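*Asks:* Attaching a predicted model along with its sequence, questions to come.
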Amino acid sequence: MGLFPPSRRDAIALTAGLALSACGRAQSAPAAGPTPPLKQTAPFPVGASIVFDQLADPSAMALLTREFGQITPGLEMKMETVLRGDGGFDFARADAMAAFARTHGLRLHAHTLVWYIYRPEAFVRIAADRGAFANAYRNYILAVAGRYRGQATGWDVVNEPTAEDGDGYRACLWREAFGMDYVAMAFHHAREADPDAVLFLNEYNLESLPKKRASFLRLVEDLLKRGVPLGGIGTQMHMGFDQDPKAIAPMMRELAGFGLPIHVSELDVSTRARRIDLGGVEARLQAQARLVEALAEAYLALPARQRYAFTAWGLRDKDSWLRSPLQKGDPDDRPLLFDDQGRPKAAARAFVQAMGRA
Ligand code: XIL
């Protein structure tokens, strides 16, 4: 089955292999002792993003299953992986991730159905025919979300719909065809495909850009008013160490105002040095820990029914997308909760501490 009959076999670039830059760099600051498994300290699911290649890395998988109770496939359920150039589907990697989750009793958070960054040839070549395009859009969502029906706890249905600076909404192939209705359509199709998954709108910089948050929440409100089956809000939380921890709790309260489940969906805190850096890397790791603590506390303060999950965007520092050359990353960045050797960092201890204050 595909969007339409196979005609061409364009290769869609896969980024999975390149996304991991396992440099095996020595850590200058050893982590100070073990922490209890994160998932046992929290009264909500704690997740991590992983990618296909890591399924064959025993130390990564040991860390994952010890510390986390949920996975988000980092690439495998995205259009770049699932949709072939000829309009057919390739579910090999997505299925492997789903099977891994099943085998290990992990919750599966699926990511993502519609993302503005893609302009796949298979869609572009039928864009002029609105009917065919609308069918292909629906077929894609039905096929992908339908395949994991009964297994995916939630889906990021639309990813990053708000303009970078918060001034309105992003342009994308689907908006060109359907206007902003592309968002509502995606949710209806996802609901048709999977009656039980929690359907998320996922966005970043909501903690740091009030204008972006306001635009995002206007969209949420509009969708809810129209009866669109939006079931949750994802706040990615890709932060930098020099962000203000005090901005996090007000964001969390505002997002929670609709009563929907909230997902901290992609946490990482870049420690990349700024031009003027008086503190050095240890100070940046401490600042990172303070941000994680503020986030964990703000999340814990939500009503239990609104705590969908708290997810780190990767396992160990060396696994982070922020080190990847593809992202013009910094090979010295240490954005995650565990160091290159899989030892808990100050940020992991800060999370545990915040949970202890429940
Ligand atoms: C990133 C992956 O981690 C990278 O490997 C890939 O090259 C690009 O995408 N927001 C999202 C995620 O919603 O899907 C992105 O993941 C990070 C930003």
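*Replies:* Nice, thanks for sending it over.

*Asks:* ok, which stretches of the stretch 1-150 of the chain are strands?
*Replies:* Taking DSSP state E, counting those that start in this stretch, the strands of the stretch 1-150 of the chain run over residues 46-50, 70-73, 107-115.

*Asks:* out of these, deepest packed?
*Replies:* strand 46-50 (a mean of 27; mean count of other CB atoms under 10 Å). Backbone N, C-alpha and C define where each C-beta goes, glycine included.

*Asks:* quick one, helices of this protein?
*Replies:* In the chain, the segments counted as helices under DSSP state H are 16-19, 38-41, 58-67, 79-82, 92-103, 121-124, 130-147, 173-178, 181-193, 210-225, 248-256, 280-300, 346-356.

*Asks:* Just send those helices back as CSV, with distance to the ligand, mean pLDDT and mean neighbour count too.
*Replies:* Below are those laid out as CSV (distance: least, CB to the nearest ligand atom, whole Å; pLDDT from 0 to 100; neighbours: other CB atoms under 10 Å):
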stretch, distance to the ligand, mean pLDDT, mean neighbour count
helix 16-19, 3, 30, 16
helix 38-41, 20, 98, 19
helix 58-67, 15, 98, 17
helix 79-82, 9, 98, 20
helix 92-103, 13, 98, 17
helix 121-124, 19, 96, 18
helix 130-147, 15, 98, 18
helix 173-178, 16, 97, 18
helix 181-193, 15, 99, 21
helix 210-225, 14, 98, 16
helix 248-256, 16, 98, 18
helix 280-300, 17, 97, 21
helix 346-356, 18, 97, 21
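
*Asks:* Could you save those as TSV and add columns showing distance to L201?
*Replies:* What follows is these, written out as TSV (distance: least, CB to CB, whole Å):
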stretch	distance to L201
helix 16-19	24
helix 38-41	26
helix 58-67	27
helix 79-82	17
helix 92-103	21
helix 121-124	21
helix 130-147	14
helix 173-178	14
helix 181-193	8
helix 210-225	6
helix 248-256	11
helix 280-300	18
helix 346-356	25
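
*Asks:* Now distance to the ligand too, for the strands of the stretch 1-150 of the chain, in TSV please.
*Replies:* Shown next, in TSV, are the strands of the stretch 1-150 of the chain (distance: least, CB to the nearest ligand atom, whole Å):
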stretch	distance to the ligand
strand 46-50	7
strand 70-73	9
strand 107-115	6
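
*Asks:* Please tabulate those in a markdown table and include mean pLDDT and distance to G87 as additional columns.
*Replies:* Converted to a markdown table, the strands of the stretch 1-150 of the chain look like this (pLDDT from 0 to 100; distance: least, CB to CB, whole Å):
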| stretch | mean pLDDT | distance to G87 |
| --- | --- | --- |
| strand 46-50 | 99 | 28 |
| strand 70-73 | 99 | 22 |
| strand 107-115 | 98 | 16 |
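
*Asks:* mind checking pLDDT for A273?
*Replies:* Predicted confidence (pLDDT) for A273: 89.

*Asks:* cool, A26 as well?
*Replies:* At A26, the model reports a pLDDT of 37.

*Asks:* Please renumber the chain so that the first residue is 39 from this point on.
*Replies:* With the count now opening at 39, the last piece we talked about shows up as A64.
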